[in-house]
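Undergrad: predicted model and sequence follow; I will ask about them next.
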Amino acid sequence: MLVRNVEKARREMKEKGVDIVPIDHPDKDVCVNAGILMNTTPVGMFPNTDNTPVDLDLFPNLKYVFDVIYNPLNTRLVQEAKKRGM
């Protein structure tokens, strides 16, 4: 799980067996094994629609990408995922 608040995520996911990685220093081993990416940050939201929270090239095995941004509906992250067949 790539997160902005590492300590909060570690507390909440303590017993779930989830790898917690800071979003600004992604661990390549964790990223390579990720199958799902879910963005719950405001990154990419109007008016900053050219922004994306992560580089999808770090996640070669992703199958699904979800973005809870509601404006715009098709964020840059979602557009890049669609180009990769996700």
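TA: Done, it's in. Numbering: from 1, shown residues only.
Undergrad: Val78: neighbouring residues, count only.
TA: Residues within reach of Val78, counting by other C-beta atoms under 10 Å, total 19. All C-beta atoms are positioned from the backbone trio N, CA, C, and that covers glycine.
Undergrad: actually Val6, not the one I typed
TA: Val6 has 16 nearby residues by other C-beta under 10 Å.
Undergrad: list the backbone torsions phi and psi for it.
TA: phi -60, psi -50 (degrees, to the nearest 10).
Undergrad: would you agree it is in contact with Pro22?
TA: Yes. Val6 lies in contact with Pro22 (C-beta atoms under 8 Å); the separation is 5.2 Å.
Undergrad: and the strands in the chain, which stretches?
TA: In the chain, strands defined by DSSP state E lie at 2-3, 21-22, 36-39, 64-67, listed in chain order.
Undergrad: helices and strands around the first one, which ones?
TA: Right, the one you point to is strand 2-3. The contact analysis (3 or more C-beta pairs under 8 Å, 6 or more residues apart in numbering; DSSP states H and E) places strand 2-3 against strand 21-22.
Undergrad: the strand it packs on - contacts with which helices or strands?
TA: Secondary-structure packing of strand 21-22 (3+ C-beta pairs under 8 Å, 6+ apart): strand 2-3.
Undergrad: give the pairing partners of the strand it packs on; include direction for each.
TA: The pairing partners recorded for strand 2-3 under DSSP bridges are strand 21-22 (parallel).
Undergrad: can you tell me what sits against the partner strand?
TA: 1-4, 6, 27, 30-31 (C-beta atoms under 8 Å, 6 or more residues apart in numbering).
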